[in-house]
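Enquirer: output the structure for:
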Amino acid sequence: MRIVKADTKKQLKQFVKFPWKIYSKSGKWVPPLISSAKGIISEGKNPFWLHARRQLFLAYEGNNNNVIGRIAAIIDYNYISFQDDKCGFFGFFECIDDVQTAKSLFCAAQEWLNEQGVKKMIGPMNPSTNDKCGFLLEGFDLHPSLMMPYTPEYYLKLAERSGLKKIKELYAYDMTVSADSRLKRLEHVVEMAKKKLPGLKIRTIGKHSYEKDLKVAISIYNRAWEKNWGFVPWSYEEFVSIASKLKMIIDPEMAVIASIGEEPIGMLVPLPDYNQVLRKLNGKIFPFGIFKFLYYRRKIDALRLMVMGVVKEYRRKGIEAVMYEKSLKNALRIGYKHCELSWVLDDNIMTQRTAEMMNGRVYKKYAVYGN
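Expert: Okay, here's the model as predicted:
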């Protein structure tokens, strides 16, 4: 077994396509679009790399060209600056069930970080805390939701036997979309919130005001999440890049913005779970995958609530409940059946209680490891 820096065009192709070897026998992994997977690691296409560096590695079996593992060593200078934490990431880890191969990959990533003067390493971050994070810890019999990872159970063993320790757990909640007792509880909280905040306004994102609403969303996101573990503000370039992709899949009737007068103070953004479509495409949308895409997207019956927050000054005033009520009623009208709230930090008690109030239950867990 040998570890090689993946710098050539051929090696980048091997890096991107290697997961298909690992998950060929798994019925739960959802293949990403190959074009999207390439774009994420491409320094010329992903604006994340404007403030970050990375080194990709491949593990080969013996002297042949058979790939048996991959990893990326990542330095996000915005993370180091904002968190005041000189810590690097490992990401995009995939490996056969072999401790020596895994240990060699983790060591290669750590050694590269050491060469850059970064001693700490956590992950997996793919490539940052604003993207797919963690190894799957519980829920191996379930498909992942949109933009959430799926990894084999043995990755936990590989990480621990390589000397890494679990430092954080991330939760995913499953919530049924139904007209049950939650609506009455929400309506009571909403009524109280509106009495306390008569200037409170709730609206959905407009199809014709998407660019304007994008700027509003950036402002809310960077203020509402600034104290969260691992948080890094999105740059404008990153947010625009992500939002331009999400524009094709977002359901405007589900995304909610809260404001007091003209001041935006909160947002709730559930996305249709397009993983229900992607698992039919095997990574390719052209030339024939487009027909499957158009057919199966009409059958999406689940959401992933990926962004929900209120700026600090207006928390604990019932605004979350007002946004939830608006979104839940729209979801019922449109016909969605389930919603995943993810991910939630293991120490974020307030969001956990909100999820429980919505009859949510933890049905998947993820683990972040570090040295």
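
Enquirer: and the residue of the chain positioned farthest from its centre, how far from Val4?
Expert: For the chain, the largest distance from the centre (C-alpha atoms, centre = their mean) belongs to Asn63, which lies 36.4 Å off. The gap separating Asn63 from Val4 is 11 Å, by C-beta to C-beta, to the nearest Å. The way it works is simple: take the backbone N, C-alpha and C, and place the C-beta from them, glycine included.

Enquirer: go on, Ser104?
Expert: Taking C-beta to C-beta as the measure, Ser104 falls 11 Å from Val4.

Enquirer: show me what the helix or strand hosting Phe291 is packed up against.
Expert: Using DSSP states H and E, Phe291 maps to helix 289-296. Packing contacts for helix 289-296, counted by 3 or more C-beta pairs under 8 Å, 6 or more residues apart in numbering; DSSP states H and E, involve helix 275-278.

Enquirer: could you give the separation of the helix it packs on from the chain centroid?
Expert: Taking the mean C-alpha point of helix 275-278 and that of its whole chain, the gap between them comes to 15 Å (C-alpha atoms, centre = their mean, to the nearest Å).

Enquirer: helices and strands around it, which ones?
Expert: Partner elements for helix 275-278 (3+ C-beta pairs under 8 Å, 6+ apart): helix 289-296.

Enquirer: 6 Å instead?
Expert: For helix 275-278, there is no helix or strand it packs on, judged by 3 or more C-beta pairs under 6 Å, 6 or more residues apart in numbering; DSSP states H and E.

Enquirer: need the residues that contact the longest strand belonging to the chain.
Expert: Identified as the longest strand of the chain according to DSSP state E is strand 165-176. Here strand 165-176 makes contact (C-beta atoms under 6 Å, 6 or more residues apart in numbering) with 134, 339-344, 346, 355, 358, 360-370.

Enquirer: and with 8 Å instead?
Expert: By C-beta atoms under 8 Å, 6 or more residues apart in numbering, the residues outside strand 165-176 that reach it are 122, 133-134, 137, 139, 145, 148, 160, 229-230, 305, 337-346, 352, 355, 358-371.

Enquirer: ends of stretch 21-29, how far apart?
Expert: This stretch, stretch 21-29, spans 12 Å end to end (C-alpha to C-alpha, to the nearest Å).

Enquirer: make that stretch 289-303, sorry
Expert: The separation between the terminal residues of stretch 289-303, taken as C-alpha to C-alpha, is 22 Å.

Enquirer: quick check: domain ranges of the chain?
Expert: 2-170, 174-370 (automatic domain parsing).

Enquirer: in TSV: those, plus mean pLDDT.
Expert: Below are these laid out as TSV (pLDDT from 0 to 100):
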stretch	mean pLDDT
domain 2-170	96
domain 174-370	89
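
Enquirer: which residue packs closest to Trp225, ignoring adjacent ones?
Expert: Excluding the flanking residues, the one nearest Trp225 by C-beta to C-beta, 6 or more residues apart in numbering is Phe231, at 4.9 Å.

Enquirer: the one you found: how many residues sit nearby?
Expert: Look at Phe231: counted by other C-beta atoms under 10 Å, it has 17 neighbours.

Enquirer: cool, Ser81 as well?
Expert: Using other C-beta under 10 Å as the criterion, Ser81 is surrounded by 12 other residues.

Enquirer: ok, now how distant is it from Pro233?
Expert: According to C-beta to C-beta, Ser81 stands 10 Å off from Pro233.
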